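# what's the 3D shape of this:
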Amino acid sequence: MSVLIASRKMYNACLEELINHYKETGKYLHLYEQDKRHGKESHPDLPAVVVDTTLKRLHRSFTNFFRGLKEGRSIGFPRFKKAPGQWTLQSSWTMWGSYPCDRASSP
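Next comes the predicted model:
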């Protein structure tokens, strides 16, 4: 299975886990608690950085959703991702020191 498909499936599983945890306890499942549950044992086919960035993406969407509600904006609830065309990998690292990858130039 490709990393792209595996990370999308992990995102959907973690979203379902967040929803079920809130329904059962009435509390939000913190990013670090969920990160402990989804380590190398749970997802051996995914690099650790992909697991981390996928979880951060999910929790950022929840943060934006609740911030939008608080500010009175109409923002949709985080959705399950259906097709690989809707899903991309995000990078949490930079190359060449402090310059982002898209701004770096080769010598």
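# Check which helices and strands whatever helix or strand Tyr11 lives in sits against.
Applying DSSP states H and E as the criterion places Tyr11 in helix 3-25. Counting contacts by 3 or more C-beta pairs under 8 Å, 6 or more residues apart in numbering; DSSP states H and E, helix 3-25 packs against helix 31-37, helix 48-71. For every residue, glycine as well, the C-beta is placed using N, CA and C.
# ok, and what's touching that helix?
Counting contacts by C-beta atoms under 8 Å, 6 or more residues apart in numbering, the residues outside helix 3-25 that touch it are 27-29, 34, 37-38, 43, 45-47, 50-51, 54-55, 57-58, 62, 78, 80-81, 84, 87-89.
# mind redoing it with 10 Å?
The contact list for helix 3-25 (C-beta atoms under 10 Å, 6 or more residues apart in numbering) reads 1-2, 27-29, 31, 33-35, 37-38, 42-47, 50-51, 53-55, 57-59, 61-62, 77-84, 86-90.
# With stretch 67-81 instead?
In contact with stretch 67-81 (C-beta under 10 Å, 6+ apart) are residues 7-9, 11-13, 15-16, 18-19, 57-66, 86-87.
# Could you list the low-pLDDT ranges of this structure?
1, 84-107 (pLDDT under 70).
# let's see 90
Residues of the chain that meet the criterion pLDDT under 90 lie in 1-9, 22, 26, 28, 35-54, 62-63, 65-66, 69, 73-107.
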